Structures are given as structure tokens and as C-alpha cells.
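In: 3D, please:
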Amino acid sequence: MHTVVGSAANVSDISVAGALLHGEEQAAFGDAGYQGVHKRGEAQGPTWHVAMRPGKRRMLNPFIGPEFVAERIEKMKASIRAKVENPFRVIKQQFGFTKVRYRGLAKNTAQIVTLFALSNLWMARRRLIGIEG
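Out: Residues are numbered from 1 along each chain as shown. Sure, this is the predicted structure:
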């Protein structure tokens, strides 16, 4: 994780997409909440690969050639996005952060930034120990 943005619940994912990029990305992957992000000026730069909406994906027929390819592409996008979910697992399982209490946006954001920094250390702990030993 290199960027964490805390926002209110009524702020959509697409509106903070530009803040999540550091500028050196070649490709960016997002779920269906990022539909239309390539049209926004602040999120320009990488090639965006955004998932289909679930209803549109259910309408695909896996036995027709072009739709079969589209289904395989969607599965590949999902497998890449699944790798990003590992820090969330660490925060929930290792650090027990499963429920959020509202303390204010600044305090919640500070806590989440700290937890993601700790999750980065947790995931790199074997490499860090190997360097010292």
C-alpha cells in the first residue's frame, strides 16, 4: 500500500481515484464503482481496467465466442484485484479491526493510515527478518 485516502461515506470511489495514484502507474484496476474513471481529468495517466457491473456480467452467455472472451477477461481482472485485498485481511484478522467507530474523519483516517503502515510491515516481516539475520 502506498496511498490511503479517508473520506466520508457519502463520497463515491470515483471521486477520490485521482488521489490514489502516484503518477508512475502503467495500469490501474478497479471494481464496478470506478465505472467512467477514464473520463475524469484527475485520474488520467494509467490504463484503467474496470470491472463490469454485476447485472451486465450475469447477462453474458459463456457459450458464445465474444462473450466467452469477455467473461475470461473479467475473471482475470478479478484475480488481479483480489491481490489488493490482502492488506485488508491483515488489518481485520491480525489487528482485529473489524468494526469502525465514528470518531471523526481525521481520527479515523489517522488510525487507518497507521493500520495500513503496520500491515505493510506485517506482510514484509519475513523479508525484513531475513535481511537482519
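In: Backbone dihedrals for the closest residue to Glu42 other than its chain neighbours, please?
Out: Excluding the flanking residues, the one nearest Glu42 by C-beta to C-beta, 6 or more residues apart in numbering is Gly18, at 3.0 Å. Backbone N, C-alpha and C define where each C-beta goes, glycine included. Here is the backbone geometry of Gly18 (degrees, to the nearest 10): phi -70, psi -30.
In: Near Gly18, how many other residues are there?
Out: By the criterion of other C-beta atoms under 10 Å, Gly18 has 15 neighbours.
In: so Asp31 touches Arg81, yeah?
Out: Yes. Counting by C-beta atoms under 8 Å, Asp31 does reach Arg81; the two are 6.5 Å apart.
In: List the residues that are in contact with both of the two.
Out: Residues touching both Asp31 and Arg81 (C-beta atoms under 8 Å, 6 or more residues apart in numbering) are Ala51.
In: In three-state terms, label Phe29 for me.
Out: Recorded secondary structure, Phe29: strand (DSSP: H, G, I helix; E, B strand; the rest coil).
In: Could I get the contacting residues of it?
Out: 48-50, 77, 80-81, 84 are the contacts of Phe29 under C-beta under 8 Å, 6+ apart.
In: May I ask which helix or strand of the chain has the lowest mean pLDDT?
Out: Using mean pLDDT, DSSP states H and E, the weakest-scoring helix or strand in the chain turns out to be helix 54-58, at a mean of 74.
In: Which members of the contacts of Phe29 occur in strands, if any?
Out: 48-50 (DSSP state E).
In: Show the pLDDT at the most centrally placed residue in the chain.
Out: The centroid of the chain falls nearest to Val84 when counting by C-alpha atoms, centre = their mean (5.6 Å). If you check Val84, the pLDDT there is 79.
In: likewise Ala106?
Out: Looking at Ala106, its pLDDT reads 90.
In: Please apply the same query to Phe97.
Out: 84.
In: Name the nearest residue to it, ignoring sequence neighbours.
Out: Of all residues not flanking Phe97 in the chain, Ile91 sits nearest, at 5.0 Å (C-beta to C-beta, 6+ apart).
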